[in-house]
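> dropping a prediction and its sequence here:
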Amino acid sequence: MPTSTDGVFSNMAAKPDVYLGYDDKVPDEPLPTYQDIYGPQSDGAPPYFEPAVISVGDEEELLIEGLPVGSVGVFVVNLVVSTAFQIVGYMLTFLLHTSHAAKNGSLAGLGITFFNFGFYIRTHLGENLFDDVPNAPPQGHPGQGGEDGQYDMDSPLDNAYFAYLLMVVGSAIFLKSVFDYVRIRRLQAIIESSPEMNV
């Protein structure tokens, strides 16, 4: 069978000359290391918890960690709304906060709400929940057992440990929110008293 040299593969025997350009040359000396380029100071991790402080607007309002600080009045108003309307008030004030005072006030209100829930449970341990209900089912309904109307199993409302847990968690949330707001206010005072801000 005769071989033809027509078509795309007709020139397979011809190979291009290999030419190493300037970019293709193998370097004579080794490349510099990372330490040679950036130095020893590049080993340290950046400060992750450094608060970002920005001054914005005509009034020179400070933004600390992305929010203005806010006044004590805003803190108290959000605390009162969050406490008065309990969980709904907390969700309303926390989702709509525009300053550190509003955010921490709503958290403080949530802490007071949890404390109140725990205190209420603690003071009403062992009481029958159906005593005050006007159309209460009779004593033999499926939720109760025995002659004295006690529940078959312990509910969280009959557990003193649950009540104390709610009071401790509520106190911790309240104290943390107050300390966070005081910390932000002190940071604002330090920044405003620095000579770099008065330029």
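Good, I have the coordinates. Numbering: from 1, shown residues only.
> CA atoms for contacts and neighbours, from now on please.
OK.
> my guess is Leu67 contacts Thr98, does it?
Yes. Checked against Cα atoms under 8 Å, the pair Leu67 and Thr98 is within contact range at 6.8 Å.
> what segments of this structure are strands?
53-56, 61-64, 67-68, 144-145, 150-151 (DSSP state E).
> quick one: mean pLDDT for the fourth one?
What strand 144-145 shows for mean pLDDT is 49.
> the closest residue to Asn159 other than its chain neighbours - how many residues pack around it?
Spatial nearest neighbour of Asn159, excluding adjacent residues (Cα to Cα, 6 or more residues apart in numbering): Leu125 at 7.4 Å. Look at Leu125: counted by other Cα atoms under 10 Å, it has 14 neighbours.
> what is the helix ranked longest in the chain packed up against?
Longest helix in the chain, counting residues (DSSP state H): helix 160-193. Secondary-structure packing of helix 160-193 (3 or more Cα pairs under 8 Å, 6 or more residues apart in numbering; DSSP states H and E): strand 61-64, helix 100-123.
> how does it look with 6 Å?
Helix 160-193 is packed against helix 100-123, with contacts defined by 3 or more Cα pairs under 6 Å, 6 or more residues apart in numbering; DSSP states H and E.
> could you check the angle the helix it packs on makes with helix 160-193?
160 degrees (axes from the mean of the first three to the mean of the last three Cα atoms, to 10 degrees).
> start at 2 instead
Will do, 2 is the new start, and the previous item becomes helix 101-124.
> and helix 101-124, which residues are buried?
Going by neighbour count (16 or more other Cα atoms under 10 Å), the buried part of helix 101-124 is 101-120, 122-123.
> then that helix to PDB, C-alphas only?
The C-alpha trace of helix 101-124 is given here as PDB (Å, rounded to 0.1, in the frame of the first residue of the first chain):
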ATOM      1  CA  HIS A 101     -23.800  49.900  70.500                       C
ATOM      2  CA  ALA A 102     -26.100  51.400  73.100                       C
ATOM      3  CA  ALA A 103     -29.200  50.000  71.400                       C
ATOM      4  CA  LYS A 104     -27.600  46.600  70.800                       C
ATOM      5  CA  ASN A 105     -26.400  46.200  74.400                       C
ATOM      6  CA  GLY A 106     -29.600  47.700  75.800                       C
ATOM      7  CA  SER A 107     -31.700  45.000  74.000                       C
ATOM      8  CA  LEU A 108     -29.300  42.300  75.200                       C
ATOM      9  CA  ALA A 109     -29.600  43.600  78.800                       C
ATOM     10  CA  GLY A 110     -33.400  43.500  78.500                       C
ATOM     11  CA  LEU A 111     -33.100  39.900  77.300                       C
ATOM     12  CA  GLY A 112     -31.000  39.000  80.300                       C
ATOM     13  CA  ILE A 113     -33.600  40.600  82.600                       C
ATOM     14  CA  THR A 114     -36.400  38.700  80.800                       C
ATOM     15  CA  PHE A 115     -34.500  35.400  81.300                       C
ATOM     16  CA  PHE A 116     -34.000  36.200  85.000                       C
ATOM     17  CA  ASN A 117     -37.700  37.000  85.400                       C
ATOM     18  CA  PHE A 118     -38.700  33.700  83.800                       C
ATOM     19  CA  GLY A 119     -36.400  31.800  86.100                       C
ATOM     20  CA  PHE A 120     -37.600  33.700  89.200                       C
ATOM     21  CA  TYR A 121     -41.200  33.100  88.200                       C
ATOM     22  CA  ILE A 122     -40.600  29.400  87.800                       C
ATOM     23  CA  ARG A 123     -38.700  29.200  91.100                       C
ATOM     24  CA  THR A 124     -41.500  30.900  93.000                       C
END
